[in-house]
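Colleague: here is my input, please return the structure:
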Amino acid sequence: MNVLTANSGVFVDGFVTTLQLFGLAAVGSLLLGTLLGVLRVSPVPVCRAIGTGYVTVFRNTPLTLVFFFFVFAYPLLDIVAISYFTAAVVALTVYTSAFVCEVVRSGINTVPAGQAEACRALGLSFGQLVTAVVLPQAMRAVLPPLVSTLIALLKNTTIAAGFSVAEAGAVRSILSERGENQLVVLAWVALGFVIIVLLLTLLQRLLEKHWSVAR
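Modeller: Numbers count the residues shown, from 1 in each chain. Modelled structure (predicted):
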């Protein structure tokens, strides 16, 4: 406990930054991933090709390389200057969106085709079909794998520590300079992540219970 109490500020600052990274990247990846998932099932071949190409590239690219691009290569383009924190959020969003896309696409495929045919018979456009009929059902069906993807995103935030972002993954290196026991520091950091994951799992169960009652 001495390590935690004596360095509480470092732990708090680290996990606050981690939660900020996670929150922003989670929102961004859910929005972009959902859009890509819709593109994957679009009746327009060009849209399907865009979605497929994005997923193929980023699912097969190591996250560290994505970080390298946005932290070191992107600034060389001289487009818009971004901070290390912003670069980390963008890298996590771009990478995680590919996995969210596949989760959403699998959920869309669980919706019976007869519902799409009925919507077309009623004169609904593809956009109306997706937003009003398909996505609400798809999101309920894929909630567990979607939360698992977000949990993976949470753990991936630790990579940002290697790119000058002082989040929870950087606590060990910060406290090593103060001579603290590294095993104890890592144990506290791991416990912090376990608590956050348990909270996400609890949220998943609450949503599942709520949606099951709604059905």
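Colleague: tell me which residues in stretch 6-23 are buried?
Modeller: 7, 10-11, 13-15, 17-18, 20-22 (16 or more other Cβ atoms under 10 Å). Every residue, glycine included, has its C-beta placed from N, CA and C.
Colleague: equivalent analysis for stretch 43-54, please.
Modeller: By neighbour count on 16+ other Cβ under 10 Å, the buried set for stretch 43-54 is 47, 51, 54.
Colleague: which ones among the residues you listed map onto helices?
Modeller: In this view, the buried residues of stretch 43-54 that belong to helices under DSSP state H are 47, 51, 54.
Colleague: closest one of those residues to Leu207?
Modeller: Using Cβ to Cβ, Gly51 is the member of these that lies nearest Leu207, at 25.9 Å.
Colleague: give me the pLDDT value at that closest one.
Modeller: Looking at Gly51, its pLDDT stands at 90.
Colleague: give me the spatial nearest neighbour of it, chain neighbours excluded.
Modeller: Spatial nearest neighbour of Gly51, excluding adjacent residues (Cβ to Cβ, 6 or more residues apart in numbering): Leu39 at 3.5 Å.
Colleague: if I read this right, Val165 contacts Phe85, doesn't it?
Modeller: Yes. Counting by Cβ atoms under 8 Å, Val165 touches Phe85, with 5.6 Å between them.
Colleague: which of these two has more residues huddled nearby?
Modeller: Neighbours around Val165 and Phe85, counted as other Cβ atoms under 10 Å, are more numerous at Val165. The numbers are 26 against 18.
Colleague: so what's that one scoring on pLDDT?
Modeller: pLDDT, Val165: 81.
Colleague: from Leu92, how far out is the residue positioned nearest the centre of the chain?
Modeller: Centroid-nearest residue in the chain: Ala26, 4.0 Å away (criterion: Cα atoms, centre = their mean). Noted for Ala26: a distance of 9 Å to Leu92, by Cβ to Cβ, to the nearest Å.
Colleague: still on that earlier bit, between the buried residues of stretch 6-23, which sits nearest Glu180?
Modeller: The closest of the buried residues of stretch 6-23 to Glu180 turns out to be Asn7 (Cβ to Cβ; 6.8 Å).
Colleague: and that closest one, what pLDDT?
Modeller: For Asn7, the model assigns a pLDDT of 68.
Colleague: in this structure Gln115 contacts Val133, no?
Modeller: Yes. Between Gln115 and Val133 there is a contact at 5.8 Å, judged by Cβ under 8 Å.
Colleague: the two: which has the busier surroundings?
Modeller: It is Val133, of Gln115 and Val133, that has more neighbours when counted by other Cβ under 10 Å, with 16 against 13.
Colleague: return the distance of the more buried one relative to Val66.
Modeller: Distance from Val133 to Val66, by Cβ to Cβ: 34 Å.
Colleague: again with Leu19
Modeller: From Leu19 to Val66 the distance is 21 Å (Cβ to Cβ).
Colleague: ok, Gly192 next?
Modeller: Between Gly192 and Val66 the computed distance is 25 Å (Cβ to Cβ).
Colleague: what about the helices in this protein?
Modeller: 2-6, 8-40, 45-59, 63-68, 84-110, 113-121, 126-129, 135-141, 143-156, 171-176, 182-214.
Colleague: can you count the residues close to Val41?
Modeller: Counted with other Cβ under 10 Å, Val41 comes out at 19.
Colleague: how about it, phi and psi?
Modeller: With angles defined as degrees, to the nearest 10, Val41 sits at phi -110, psi 10.
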